[in-house]
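Sequence below, structure please.
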Amino acid sequence: DVQLQASGGGLVQAGGSLRLSCTTSAFTFNDYVVGWFRQAPGEEREGVSYIDNRDGATWYVDSVKGRFTISMNNAKNTVYLQMNSLEPEDTAVYSCYATTLGWKNTYWGQGTQVTVSS
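Numbering: from 1, shown residues only. Predicted coordinates:
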C-alpha cells in the first residue's frame, strides 16, 4: 500500500508554532492536490488546508486563515503546513492526503498529534 509520511506534531503552548510535513517516495506530488484534515476528540473530521500543485492554488478553512500557511518543496517532494499563533482549539490529530481530480486516486498518511496547551 502506498502511504504518505506525516510528521511534525507535538505539544506547544498557545501562541506557539509547529510545522507539519507530508512526503512520499512512491510518486511525485506535482499532479496532486495535497492537504490536511484534522479531527479532535468527539468532533467531526475537518478540512484544514490544501494546495493544488498543478497551479499552486491554496485553500484554508476560515478558522486558520492568517495563521497557517501551506507550501510545496518540489525538490524534497514535501508539503509543509506552517502553523503559527496556535490556539487550544487547534488541538487535534492532523492527517495528510494526496489526491487527483475528483478524489479518483487518494493516498493518506498516518495522523500526527498536535496539542496546544492554554
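
Quick one: low-confidence residue ranges for this protein.
Of all residues in the chain, none has pLDDT under 70.

would you list every one of the strands in it?
5-7, 10-13, 18-23, 33-39, 46-52, 57-60, 68-73, 78-83, 92-99, 106-108, 112-117 (DSSP state E).

what separates stretch 42-57 from the chain centre, distance-wise?
7 Å (CA atoms, centre = their mean, to the nearest Å).

Centroid-nearest residue for this protein?
Centroid-nearest residue in the chain, with CA atoms, centre = their mean: Trp36, separated by 3.1 Å.

Quickly note the distance from the residue nearest to it when sequence neighbours are not counted to Thr115.
Leaving aside its sequence neighbours, Trp36 sits nearest to Val48 (CB to CB, 6 or more residues apart in numbering; 4.5 Å). From N, CA and C alone the C-beta is placed, and that goes for glycine too. Val48 sits at a distance of 16 Å from Thr115 (criterion: CB to CB, to the nearest Å).

Can you get me a residue count around Tyr80?
As a burial measure, Tyr80 scores 18 neighbours (other CB atoms under 10 Å).

Then Thr99?
Thr99, neighbours per other CB under 10 Å, totals 16.

got the contact list for it?
Applying CB atoms under 8 Å, 6 or more residues apart in numbering to Thr99 gives the contacts 32-34, 105-107.

same question, Thr28
So Thr28 contacts Asn77 (CB under 8 Å, 6+ apart).

For it, what are phi and psi?
phi -100, psi 150 (degrees, to the nearest 10).

right, and the residue nearest to the centre of the chain touches Ile51 too?
No. Look at Trp36 against Ile51 with CB atoms under 8 Å: they stay out of range, at 9.8 Å.

Overlap in contacts, these two.
Common neighbours of Trp36 and Ile51, using CB under 8 Å, 6+ apart, are Ile70.

Name the nearest residue to the residue at the greatest distance from the centre of the chain, ignoring sequence neighbours.
Residue farthest from the centre of the chain, counting by CA atoms, centre = their mean, is Ser118 at 22.4 Å. With sequence-adjacent residues excluded and distances taken as CB to CB, 6+ apart, Ser118 is closest to Pro88, at 4.8 Å.
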